[in-house]
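S.K.: what's the 3D shape of this:
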Amino acid sequence: MPNAQPPTTLESGAPGGPLETRWSRHKADLKLVGPTNRRKFSVIVVGTGLAGASAAATLAEQGYNVKAFTFHDSPRRAHSVAAQGGINAAKNYQNDNDSTFRLYYDTIKGGDFRGRESNTYRLAEVSANIIDQAVAQGVPFAREYGGTLANRTFGGVLVSRTFYARGQTGQQLLLGAYSSLNRMVDTGKVELHTRKEMHDLIVVDGKARGIVVRDLKTGKFEAHMAHAVVLGTGGYANVFYLSTNAMNCNVTAAWRAHKRGAFMANPCYTQIHPTCIPQHGDYQSKLTLMSESLRNDGRVWVPRNPADAGKSPEQIAAADRYYYLEEKYPTFGNMVPRDVASRNAKYVCDDGLGVGATKRAVYLDFADAIRRDGEDTIRSKYGNLFHMYAKITGDNPYKTPMRIYPAPHYTMGGLWVDYNLMSNLPGLFVIGEANFSDHGANRLGASALMQGLADGYFVLPYTIAGYLAGELHATVPSADCDEAKAAIDDSKNAIQSLFDVKGSRSVESFHRELGLLMLDKVGVSRNREGLEHAIGRIREIRDEFKQNVRIPGDPNMVNPEIEKAGRVADFLEFAECKALDALTREESAGGHFREEHQTPEGEAKRDDENFCHVTAWEYSGDVTAPVEHRESLEFEYVKLTQRSYK
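M.R.: Here you go, the predicted structure:
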């Protein structure tokens with residue numbers, strides 16, 4: 001349960017005044033570091049996905065000395081590569097009345113008014129620059145016949161602002177960032193460390209000054225020091241075990257920073273993506289995303305009669321098909337936000353209308369679109385996605401509807417940061433999905449790539465200079481300082497203590513058990529009884545893990561089981577913080593749906609009087625008793641209303 005002391009108030013440091021000039025005025029007020037002084041500073045960047053790679057490349061281009069770390073063998077393997085559908089930007093190329101303000105408003109509303117207003121507007125403001133940057137790098141965005149960049153729409157909006165490269169947008173954007181990063185590696189301004197995983201944050205005199213990493217090839221621990229540390233390490237959806245994330249995605253870097261003093265904000269906010277290939281067996285270890293872009297042309301339906309759920313789709317007459325999103329939300333139809341689509345998929349399956357072998361799936365049908373536009377047009381838009389679906393399921397989606405069901409995908413919570421993207425720990429900056437700041441309680445589709453690249457290319461390079469300008473005469477501690485030695489010893493001891501257990505259960509079995517518990521009790525919907533049960537059970541699983549886990553092999557060499565053990569140990573601690581945050585937040589908002597707090601129509605019901613704030617948790621030395629802090633959310637340019645997509 002939370003520490004008994006009353007919550008303290010956090011300040012974002014966001015500027016006041018007119019919303020549309022806040023970022024430009026803030027940049028004008030930031031201190032600068034001159035070109036000849038930048039070479040005196042060193043910056044560590046952990047993670048080389050879109051946020052990390054863009055930040056490392058840009059900072060090095062500016063003249064800073066950068067050390068970039070990835071546990072992959074190449075930055076190209078970062079999970080950003082898996083993003084499919086597109087990236088948002090307020091370009092208004094379709095002349096459909098889009099604008100910076102509309103992108104900001106859609107994002108604030110999509111997040112159920114639980115995001116920080118100034119950060120969200122800044123994100124919308126710099127979005128257009130990202131497209132120009134990517135095009136200059138050669139990213140092959142889809143184009144219209146005349147050569148102009150193409151757009152499509154995504155959930156929760158009524159305009160077309162999403163730029164895309166078929167179903168491979170993340171891959172193409174990452175290759176662009178990777179090319180910029182590699183250029184800086186070649187110049188010597190970026191020192192790239194591959195196959196090295198962060199195990200701890202080194203804090204010296206209250207400031208983040210370095211990290212401890214483990215070489216995944218040798219098992220050796222090293223300390224690396226710098227003037228500032230940047231985390232771009234992604235989200236924590238793998239706490240559910242089955243998610244759309246790559247299996248190596250984890251919370252370790254963020255959680256270890258949390259245990260060194262960084263606050264963890266809004267961990268209960270998780271996005272369950274509505275368009276994924278359903279689970280097909282008890283031994284499955286990952287779920288596969290099907291891009292939200294498919295809902296532009298695919299129609300979501302289930303049988304109206306539970307007796308028809310066992311029939312093949314072609315045996316169900318049109319009049320007997322329940323297009324539930326189109327009927328419930330006629331204005332947005334199949335393009336409602338992800339949290340709304342996911343909850344409704346669960347509702348119809350709970351009512352016995354689910355299809356497929358498990359009865360936990362709904363249809364995504366392209367028959368009407370193929371009749372309207374032709375198979376070649378649909379293939380040109382989604383060909384690689386249809387191919388992937390066919391390879392995994394054995395079904396031909398051109399001939400029979402896809403079967404889809406929600407799955408954990410993205411996390412809106414993360415380490416708390418101020419307007420400058422710096423955590424409460426001076427010198428520790430957090431970017432992309434690893435921070436909490438931009439999306440509130442639900443992220444709109446195609447906004448993850450936007451935030452990662454906005455933070456890396458166009459925000460952090462300005463704000464980190466404001467911090468480093470005050471560090472000009474600071475001396476970076478050596479890698480053998482007392483704090484670094486202590487952090488290395490802590491990391492070694494943590495690994496060795498797990499290795500010495502010599503129990504009877506695999507790391508994987510613990511992760512699976514935790515994930516199924518989290519999905520059941522802290523997933524699409526939550527309630528007090530379930531959350532209290534989850535917290536108690538998490539503690540039991542964690543205790544058994546410490547007493548009965550078995551890790552084969554040698555800790556001083558390549559050993560994937562050692563890597564997994566450390567990550568699962570962190571998930572077992574983080575999961576309690578996540579469940580506690582969900583229990584404490586007595587409202588429904590976006591992806592956090594408390595069954596006790598819903599409208600008569602089954603929609604999320606906020607409590608703006610008591611919960612219009614960010615909850616940030618401080619590690620107290622006891623994972624069962626974190627200290628609560630709050631940042632009030634104030635909205636000057638939008639009116640807090642009950643979200644409606646009808």
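
S.K.: could you use CA atoms for every contact and neighbour count after this?
M.R.: OK.

S.K.: you'd agree G354 is in a strand?
M.R.: No. Applying DSSP: H, G, I helix; E, B strand; the rest coil, one finds G354 to be coil, outside a strand.

S.K.: pretty sure it contacts Y322?
M.R.: No. Taking contacts as Cα atoms under 8 Å, G354 lies outside contact range of Y322: 11.3 Å.

S.K.: now list whatever residues contact both of these two.
M.R.: Shared contacts of G354 and Y322, defined by Cα atoms under 8 Å, 6 or more residues apart in numbering, are found at 302-303.

S.K.: look at these two and report which has more neighbours.
M.R.: G354 (27 against 17; other Cα atoms under 10 Å).

S.K.: list the contacts for that one?
M.R.: By Cα under 8 Å, 6+ apart, the residues touching G354 are 302-303, 309, 348, 360-362.

S.K.: just put the residues you listed in TSV and tack on distance to N65.
M.R.: Below are those laid out as TSV (distance: Cα to Cα, whole Å):
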residue	distance to N65
V302	56
P303	60
A309	60
V348	54
R360	51
A361	50
V362	51
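
S.K.: buried ones only from these, please, as a ChimeraX command.
M.R.: ChimeraX command restricting the contacts of G354 to the buried ones, with burial defined by 16 or more other Cα atoms under 10 Å:
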select :302,303,309,348,360,361,362
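
S.K.: among the contacts of G354, which are in helices?
M.R.: Here DSSP state H is the test, and the contacts of G354 give V348 as lying in helices.

S.K.: most widely separated two among the contacts of G354?
M.R.: Greatest spatial distance among the contacts of G354 (Cα to Cα): P303 and R360, at 12.9 Å.

S.K.: of the contacts of G354, which is the nearest to D543?
M.R.: R360 (32.5 Å).

S.K.: what sits against that closest one?
M.R.: Counting by Cα under 8 Å, 6+ apart, R360 has contacts 278, 346, 349, 354, 405.

S.K.: if we use 7 Å, what do you get?
M.R.: 349, 354, 405 (Cα atoms under 7 Å, 6 or more residues apart in numbering).

S.K.: measure the last one to D106 for me?
M.R.: The gap separating Y405 from D106 is 25 Å, by Cα to Cα, to the nearest Å.

S.K.: which one's more surrounded, those two?
M.R.: Higher neighbour count among Y405 and D106: Y405, with 26 against 19, using other Cα under 10 Å.

S.K.: helix, strand or coil for that one?
M.R.: Under three-state DSSP, Y405 comes out as strand.

S.K.: so for it, what's the pLDDT?
M.R.: Here, the pLDDT recorded for Y405 equals 97.

S.K.: that one touches Y363, doesn't it?
M.R.: No. Counting by Cα atoms under 7 Å, Y405 sits too far from Y363 to count as a contact (8.8 Å).

S.K.: domain ranges for this structure?
M.R.: 8-269+412-471, 273-408, 482-604 (automatic domain parsing).

S.K.: can you list the low-confidence ranges for this structure?
M.R.: 1, 4 (pLDDT under 70).

S.K.: let's see it at 80
M.R.: Applying pLDDT under 80 to the chain flags the ranges 1-6.

S.K.: residue ranges of the strands in the stretch 401-550 of the chain, please?
M.R.: 402-411, 414-415, 428-430 (DSSP state E, counting those that start in this stretch).

S.K.: sheet-wise, list the partners of the first one with their directions.
M.R.: Right, strand 402-411. strand 270-277 (antiparallel), strand 362-365 (antiparallel) (DSSP bridges).

S.K.: check which residues of it are buried.
M.R.: Buried-residue list, strand 402-411, by 16+ other Cα under 10 Å: 402-411.

S.K.: ok, now stretch 470-486?
M.R.: Under 16+ other Cα under 10 Å, the buried positions of stretch 470-486 are 471, 476-477, 479, 483-485.

S.K.: still on that earlier bit, can you redo the strands paired with strand 402-411 as CSV with distance to D489?
M.R.: Shown next, in CSV, are the strands paired with strand 402-411 (distance: least, Cα to Cα, whole Å):
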stretch, distance to D489
strand 270-277, 34
strand 362-365, 51
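
S.K.: comparing the ones you listed, which comes out most buried?
M.R.: Of the strands paired with strand 402-411, the one with the most neighbours on average (mean count of other Cα atoms under 10 Å) is strand 270-277, at a mean of 26.

S.K.: quick one: residues contacting S80.
M.R.: Contacts of S80 (Cα under 7 Å, 6+ apart): 49-50, 170-171, 174.

S.K.: quick check, R403 in contact with A361.
M.R.: Yes. Using Cα under 7 Å, R403 is in contact with A361, at 5.7 Å.

S.K.: where is the longest helix in the protein?
M.R.: helix 560-584.

S.K.: what packs against it?
M.R.: Using 3 or more Cα pairs under 7 Å, 6 or more residues apart in numbering; DSSP states H and E, the elements in contact with helix 560-584 are helix 252-259, helix 507-521, helix 528-548.

S.K.: what's the most buried one of those helices?
M.R.: It is helix 252-259: most buried of the helices and strands packed on helix 560-584 by mean count of other Cα under 10 Å, with a mean of 23.

S.K.: report the distance from stretch 182-198 to the chain centre.
M.R.: With Cα atoms, centre = their mean, to the nearest Å as the basis, stretch 182-198 stands 24 Å off its chain's centre.

S.K.: dump it to PDB, restricted to CA.
M.R.: Output of stretch 182-198 as PDB, limited to C-alpha atoms (Å, rounded to 0.1, in the frame of the first residue of the first chain):
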ATOM      1  CA  ASN A 182      25.900   5.800 -38.300                       C
ATOM      2  CA  ARG A 183      27.200   9.000 -39.900                       C
ATOM      3  CA  MET A 184      28.000  10.300 -36.400                       C
ATOM      4  CA  VAL A 185      29.600   7.000 -35.500                       C
ATOM      5  CA  ASP A 186      31.800   7.300 -38.500                       C
ATOM      6  CA  THR A 187      32.900  10.800 -37.500                       C
ATOM      7  CA  GLY A 188      33.800   9.600 -34.000                       C
ATOM      8  CA  LYS A 189      31.200  11.800 -32.200                       C
ATOM      9  CA  VAL A 190      29.100   8.800 -31.300                       C
ATOM     10  CA  GLU A 191      30.700   5.900 -29.500                       C
ATOM     11  CA  LEU A 192      28.300   3.000 -30.200                       C
ATOM     12  CA  HIS A 193      28.100   0.100 -27.600                       C
ATOM     13  CA  THR A 194      26.200  -2.900 -28.800                       C
ATOM     14  CA  ARG A 195      25.100  -6.000 -26.800                       C
ATOM     15  CA  LYS A 196      25.400  -4.100 -23.600                       C
ATOM     16  CA  GLU A 197      22.400  -3.800 -21.300                       C
ATOM     17  CA  MET A 198      21.900  -1.100 -18.600                       C
END
